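[1] build me a model from this:
(chains A, B, C and D)
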2 protein chains.
Amino acid sequence: MTVTLADVAARAGVSAATVSRVLNGNYPVATATRSRVLRAVEELEYVVNGPASSLAAASSDLVGVLVNDIADPFFGIIAGAVQDTLGPVTSVPAQGRKLAVICNTGGSPERELTYLTLLQRQRAAAVVLTGSSTDDPGHRAALAARLQRLAAGGVRVVLCGRPLPVDESGAGEPAADGCGTAAEGAREPGAEGRPAAGGTLTAGPRVVTVPLDNEGGARALTGHLLALGHRRIGYLAGPDHRSTTRHRLAGHRAALAAAGLPPTPDHLLLHGTFHRDSGYAGALRLLEADPGLTAIAAANDTVALGVCAALRDRGLRVPQDVSVTGFDDLPFAADVAPGLTTVRLPLRETGQAAGRVALGTEVPEDGVVPPDPARLVARDSTAPPRG
Amino acid sequence: MTVTLADVAARAGVSAATVSRVLNGNYPVATATRSRVLRAVEELEYVVNGPASSLAAASSDLVGVLVNDIADPFFGIIAGAVQDTLGPVTSVPAQGRKLAVICNTGGSPERELTYLTLLQRQRAAAVVLTGSSTDDPGHRAALAARLQRLAAGGVRVVLCGRPLPVDESGAGEPAADGCGTAAEGAREPGAEGRPAAGGTLTAGPRVVTVPLDNEGGARALTGHLLALGHRRIGYLAGPDHRSTTRHRLAGHRAALAAAGLPPTPDHLLLHGTFHRDSGYAGALRLLEADPGLTAIAAANDTVALGVCAALRDRGLRVPQDVSVTGFDDLPFAADVAPGLTTVRLPLRETGQAAGRVALGTEVPEDGVVPPDPARLVARDSTAPPRG
DNA sequence: TTGAAAGCGGTACCAA
DNA sequence: TTGGTACCGCTTTCAA
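    Next comes the predicted model:
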């Protein structure tokens, strides 16, 4: 019924092996033969049977991309960039192109594992994990084990914007040099110390980290508020026990420390989700906790937008009354809320780098792609503190 | 090296066939045998070889989801909903679950076709096309032909928020009954008229339309502005030759006509993209064309946000000076720009319905899932017209 | 209820 | 440069 390699071979008067070689372009084939085969492919409208070739080749051209929230542009931008790097930019033959499989985990470690199993089952060529990861030791161990197995099976693993899921207990000063996300996984000398529950996952050509400078971004953001004169700054952190939450918080604290100021008191530091609702509720709670607040830094842009909404509903104006800042790279956040200052994490660049690693084009020996610097985007830096 | 079915069979002391049956649950298997097999699966950490089973079964558990812009929450919400319906909600076995492959076309008809080829090659179980489609006859024909082939090959085709890519020349009044997107593809009596370049694609159990009421939404939006007293309304339409652009424009015109008003003059009707930049530039052009403008309706929320930014930069306040409205369902748009009135298209519901169709759970005989109604969300309806 | 075995459609090694 | 041909790992009749 459907056209197969054999049909094409028959039509072109060659063997199946030759057709395969033409299609894959791995082996030399006479020009005349090649064109004859290609013509037969055209005429028969032949489409390769992916499963069959994946079975024979023991690897598919699928690349899994795990994101925490597909409805958040933050991940949409990264996922799109990864896909652009791999996928069909309009290549006519459409043969040999990788296909990105974007999987929405909702931030759930269980789903993350389930998707990895699914991808392993598909014999994916690579998996790209994006965004924050959980800090829970149990999940980290389980994740490490699974990634370990994938890598052992020849699957390229790319960690994009998150550290290696290994024991970080002995890590150095978090505020040291802004490499919060970056280096964590890289340092791993011999690593034959403790057997660790689930095998040791180490960075290398097969397991690569593509860091985002969450800590540096947070430091820049809080630094910006401090430079404007703000001294009573509320901080809406992301979910507790998440890597980005921790790194951004570290940057925030570093900025305060660098200015010789005391750390944000507990009642001005709230944990929430990465969603808008959380920003809305969080802002109201912060204002209640300290009506004299002059600025709020939010876990990401989506949360910052929720903060803006809350301020408006409370009759406050943005940014005259309270300054609000967010992280990430939401492309329109800065334009909508005047005075909304955002730190742009280079999402597209990071996503593209991840894509290149997944493709095998860019594979650093030490397993770490140098991080792009965070950029501070201040749309309206005139917001004065009230106090 | 990797664990195979045979390994599991050997360990469980049964045949490969039995293991297969246990895993797929299609055939009766003795309880004792089943548990023995499952234990072996556990112990060996066996993971099914997807390509192999896809090859043997002649169909994979991949479902393709094509979106025009993965960085736009509009599509993120739909794609996420589709995936939630198909995917692992945390099912431990992870066997037999469908995997959504989200493909970002960027609105390019060529990429759309390329991705469809890629999905055909993977022997996808279903493909879901979301969002607007091009009106170009050539591309429509090519798309129809490809979908035709997919459907003929047993692939379920779901058109979500777009009409069937067939000749619509003889269609009825666009403003008739708000079914703009909905019915277009459904009506197709015998259809054995003109052979049409590429075969006739007809709606049915295999090719299903899950409509979004773009026309009704647009009518509600413009109707809302009219009810507020606005009479000089600019309209920033989407890209020309796109189905949603046309349907929304039809609704806009219908609202004006229903109020006994003349249609929007050419200089107040601009076509652009669905991106923020387009809204920004479009707003400036509209204000230049008619400084007495009191309201602007935008192609979607993202464009509306760009309009807000432009107004702010021009020293106008939103909504006191100019009202701005958008379509879609961008979850935070309404909260950020006070007075931003949006029409909520039921994206989640639509995505879920599409997912159920793709799964085969919900398959209407006539190939059309009843549309969810558009909902008008007025955050601040006090904006008065200037004039 | 279970087993044996014939494919499914390519890939890639070995010869020619 | 090309052809022949063992697999790849699972599904699914057909028998037992």
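
[2] do you know how far the residue nearest the centre of chain A is from chain B?
    By CA atoms, centre = their mean, chain A has its centre lying nearest to A:Thr130, at 2.6 Å. As judged by CB to the nearest CB, to the nearest Å, A:Thr130 and chain B stand 13 Å apart. To be clear about C-beta, it is placed using only N, CA and C from the backbone, and glycine gets the same treatment.

[3] how many neighbouring residues does the residue nearest to that residue when sequence neighbours are not counted have?
    Nearest residue to A:Thr130, sequence neighbours excluded (CB to CB, 6 or more residues apart in numbering or on different chains): A:Cys160, at 4.4 Å. A:Cys160 has 30 neighbours, counted by other CB atoms under 10 Å in any protein chain shown.

[4] A:Asp301 now?
    Using other CB under 10 Å as the criterion, A:Asp301 is surrounded by 30 other residues.

[5] let me know the pLDDT of the residue nearest to A:Thr130.
    On pLDDT, A:Cys160 comes in at 96.

[6] I'd say it and A:Val127 touch.
    No. Using CB atoms under 8 Å, A:Cys160 is not in contact with A:Val127, being 10.4 Å away.

[7] related to what we said a few turns ago, so who does the residue nearest to A:Thr130 touch?
    Contacts for A:Cys160 (CB atoms under 8 Å, 6 or more residues apart in numbering or on different chains) come out as A:Ile78, A:Val82, A:Val128, A:Leu129, A:Thr130, A:Gly131, A:Val210, A:Leu212, A:Thr350, A:Gly351, A:Ala354.

[8] if it is in a bridge, with which residues?
    As for beta bridges, A:Cys160 partners with A:Thr130, A:Val210 under DSSP bridges.

[9] same question for A:Ile233.
    Applying DSSP bridges to A:Ile233 gives these bridge partners: A:Ala295.

[10] then the one 4 residues further on?
    Taking DSSP bridges as the rule, A:Ala237 bridges to A:His271.

[11] next up, the contacts around it.
    The neighbourhood of A:Ala237, defined by CB under 8 Å, 6+ apart, consists of A:Thr245, A:Arg248, A:Leu249, A:Leu269, A:Leu270, A:His271, A:Gly272, A:Ala299.

[12] and it, how far from chain B?
    Taking CB to the nearest CB, one finds A:Ala237 at 19 Å from chain B.

[13] so how far is A:Val3 from the residue in the stretch 151-300 of chain A that chain B sits nearest to?
    Nearest residue of the stretch 151-300 of chain A to chain B: A:Arg276, at 4.8 Å (CB to the nearest CB). A:Arg276 sits 50 Å away from A:Val3, going by CB to CB, to the nearest Å.

[14] skipping its backbone neighbours, what lies nearest the residue of the stretch 151-300 of chain A closest to chain B in space?
    A:Gly306 (3.8 Å).

[15] ok, that neighbour touching A:Gly272?
    No. Taking CB under 8 Å as the definition, A:Gly306 is not a contact partner of A:Gly272, at 9.2 Å.

[16] so what sits against both of those two?
    Here A:Gly306 and A:Gly272 have A:Ser278, A:Gly279, A:Ala281, A:Gly282 as joint contacts, going by CB under 8 Å, 6+ apart.

[17] count of neighbours near the third one?
    Applying other CB under 10 Å, we find 18 other residues in the vicinity of A:Ala281.
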